[in-house]
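Undergrad: Kindly return the folded structure for what I paste below:
(2 chains)
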Number of protein chains: 2
Amino acid sequence: MDNLIKSVAITGGTHGNELTGVHLIKHWQSNIDKVERPSFSTELHIANPKANKAVRRYIDQDLNRQFSLEDLNNAELTGCEQQQAKLLNTLLGPKDDPRVDFIIDLHTTTANMGMSLIFNSSDPLVVGMAFYIKQKMPHATLFFEPSERLENNFLTSVGRLSGFLIEVGPIAQGLLNYQVYAETQEAVMHALDYLEMKNTGQPVALPAQMPGYQFTKKVSLPVDENGGISAMVHPNLQNQDYQAIHPGDPLFITLAGETIVYDGDSTVYGAFINEAAYYDQKVGLSFMEEMTIDLDMNA
Amino acid sequence: MDNLIKSVAITGGTHGNELTGVHLIKHWQSNIDKVERPSFSTELHIANPKANKAVRRYIDQDLNRQFSLEDLNNAELTGCEQQQAKLLNTLLGPKDDPRVDFIIDLHTTTANMGMSLIFNSSDPLVVGMAFYIKQKMPHATLFFEPSERLENNFLTSVGRLSGFLIEVGPIAQGLLNYQVYAETQEAVMHALDYLEMKNTGQPVALPAQMPGYQFTKKVSLPVDENGGISAMVHPNLQNQDYQAIHPGDPLFITLAGETIVYDGDSTVYGAFINEAAYYDQKVGLSFMEEMTIDLDMNA
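TA: Just a heads-up that it's a prediction; the model follows:
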């Protein structure tokens, strides 16, 4: 495979109420020099303008779950975001022979996940981008969620290399916070600098391994007999993303104040703890496992 | 005026994406003894069920701006929340001769306002409730926004005594946080205990004065030539609700990172700093002034 990157897309507002990416895109549209690099072209897109106008995550479906090749090719899927996914696939892909090499998609979360770098590919160029950003921003967390590109349903999977999500929190939906905005911008600058160095053969010194986390499962919020939420994230767990959860540790607390503990038998790590966007699925957090990520997983 | 309180209504979900009040109402509906007191009746209402189901602040209009007597009597106002206001007025009022004596309305904010007790009336029973809660919860802030009851457009103004908003933050829209939930519950318990003591002639020792804040004006977010937000709350101001803002202090920072300072000539205090719900009006914060609140303002 030709590893030269000729075309990069930066997308924001894939979730319409995550305003940070939207306003960075708008800012860069008026200051294009910030995202241009000599060896490749950069394009900027607000991914879900209708949802952004409504300041909602989505109108009909979560846009960032609509990009599997199967769904893109399914003419019966005609909801607002299903149509928008097909339009973005035409614009950036098509997924089975993409025009764009690499997509960087900008997200925020209500969870205390700091600067999280989420990637689905083990390609050393992709993993190396995460390593490079973490070298520059040591507080960043590497979040590996392996997935076959054509089956993956994220927007970033439309690029030739399954790309990269920059996910920053905690921040409420529907507002801007300068720290989150500035950190997201800094991470994008490092990502573009990294691609420029790789493209032009400049040496990029990266470790062979870095610590990170891998998604294992979603954990549901407790519900009552009517399906309503009957418990919330326990205060001991709130804001403790990427910290260890041991057997017997509190997970939830009921509306009446009773603690519900983790009844597993191995230590896990939480992420997306109390993410507002997952309340529609009544998901309280994700469980992760610690892992050592290899720069070249096939070596 | 007969100062006995015979009927109290507690309302939550007036803004449909503020879930704390909704879940407290649901919890108390199954545990009615928590909100019952011998000397008065307590009723519980989810004020905007349609907006709550959609997890949006409102469907057509902000419900908590629809309760002026003039608007309630205007048959031409037929939007979703305008109709809902008329229904609540029938249920709890009517405003010009209310069935319910006192309404406690539960709210949350994305701003770092802690436990804020917002009241529009100088009636000593209302002011005394705020004083009593602050005695029990000293970190609470008294937020006085004087307004003539029949002109006031808040839900709480439908009660015989213009009531009381309990506004807690910071919390993102669309989620629950146990600390916010538990603090809100505690404040309501104190409010009900206070009414019970007043009703039954038990002595309630309150100071003659307490410190607080009074609303002065809303401050707009800077916008570009297309009306889009061009600056956000300055990081020095973020989370600094109820702290002094001196002339020359930073207020906003542009998308390009340039600071915009407060150009007034007197010290003010901020509240509702970076409240997500006010982005639709492009409001960045409220200015407040410090004040000493008298328990009996007519004494």
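Undergrad: What segments of the stretch 51-200 of chain A are strands?
TA: A:102-108, A:114-119, A:141-144, A:161-169 (DSSP state E, counting those that start in this stretch).
Undergrad: mind checking which of those is nearest A:G79?
TA: With CB to CB as the criterion, A:G79 lies closest to strand A:102-108 of these, at 19.9 Å. Glycine gets a C-beta too; all of them are placed from N, C-alpha and C.
Undergrad: Contacts (any at all) between chain B and that closest one?
TA: No - using CB under 8 Å from any CB of the partner chain, strand A:102-108 stays clear of chain B, coming no nearer than 10.3 Å.
Undergrad: Ok, stretch A:238-250 next?
TA: Yes - Stretch A:238-250 is in contact with chain B by CB under 8 Å from any CB, via A:Q238.
Undergrad: start to end distance for that stretch?
TA: 10 Å (CA to CA, to the nearest Å).
Undergrad: just stretch A:90-106 next, same as before
TA: Stretch A:90-106 end-to-end distance (CA to CA) = 20 Å.
Undergrad: In it, which residues are buried?
TA: A:92-93, A:95, A:98, A:100-106 (16 or more other CB atoms under 10 Å in any protein chain shown).
Undergrad: any idea how far A:L142 is from the closest residue in space to A:G79 that isn't next to it in sequence?
TA: Closest residue to A:G79 apart from its sequence neighbours, by CB to CB, 6 or more residues apart in numbering or on different chains: A:D60 at 3.7 Å. Distance check for A:D60 against A:L142: by CB to CB, to the nearest Å, it reads 33 Å.
Undergrad: More neighbours: these two, which one.
TA: For A:D60 versus A:L142, neighbours defined as other CB atoms under 10 Å in any protein chain shown are more numerous around A:L142 (20 against 15).
Undergrad: what's the residue nearest to A:G79 in contact with, if anything?
TA: A:79-82 (CB atoms under 8 Å, 6 or more residues apart in numbering or on different chains).
Undergrad: Then A:H139?
TA: A:H139 neighbours (CB under 8 Å, 6+ apart): A:114-115.
Undergrad: Also A:Q61?
TA: A:79-82.
Undergrad: tally of neighbours for A:L221?
TA: 21.
Undergrad: what's the distance between the residue lying closest to it once chain neighbours are set aside and B:T254?
TA: Distance criterion CB to CB, 6+ apart; nearest residue to A:L221, sequence neighbours excluded, is A:G284 at 4.2 Å. Here the criterion is CB to CB. By it, A:G284 lies 37 Å from B:T254.
Undergrad: Looking at the two, which one has more neighbours?
TA: A:G284 (27 against 17).
Undergrad: part of a helix, is the more buried one?
TA: No - counting by DSSP: H, G, I helix; E, B strand; the rest coil, A:G284 is located in no helix; its state is strand.
Undergrad: on that earlier part again, got a list of what the residue nearest to A:L221 touches?
TA: A:G284 neighbours (CB under 8 Å, 6+ apart): A:219-221, A:232-233, A:251-252, A:273-274, A:278.
Undergrad: what's the answer for A:K218, then?
TA: A:278, A:281, A:283, A:285-287.
Undergrad: and A:V261, how many residues sit next to it?
TA: Neighbour tally, A:V261, other CB under 10 Å: 14.
Undergrad: wait, A:T78
TA: A:T78 is flanked by 10 other residues according to other CB under 10 Å.
Undergrad: again, but for A:D241
TA: 26.
Undergrad: for the one 4 residues further on, same thing?
TA: Here the number of neighbours of A:I245 (other CB under 10 Å) works out to 24.
Undergrad: so it makes contact with A:I273?
TA: No - judged on CB atoms under 8 Å, A:I245 makes no contact with A:I273 at a distance of 9.7 Å.
Undergrad: quick one: common contacting residues for these two?
TA: Joint contacts of A:I245 and A:I273 (CB under 8 Å, 6+ apart) are A:L237.
Undergrad: still on that earlier bit, looking at the strands of the stretch 51-200 of chain A, which one is packed in the most?
TA: strand A:102-108 (a mean of 26; mean count of other CB atoms under 10 Å in any protein chain shown).
Undergrad: List the strands paired with it, with their directions.
TA: strand A:7-12 (parallel), strand A:161-169 (parallel) (DSSP bridges).
Undergrad: how about these in CSV, adding mean pLDDT?
TA: Output for these, formatted as CSV (pLDDT from 0 to 100):
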stretch, mean pLDDT
strand A:7-12, 98
strand A:161-169, 95
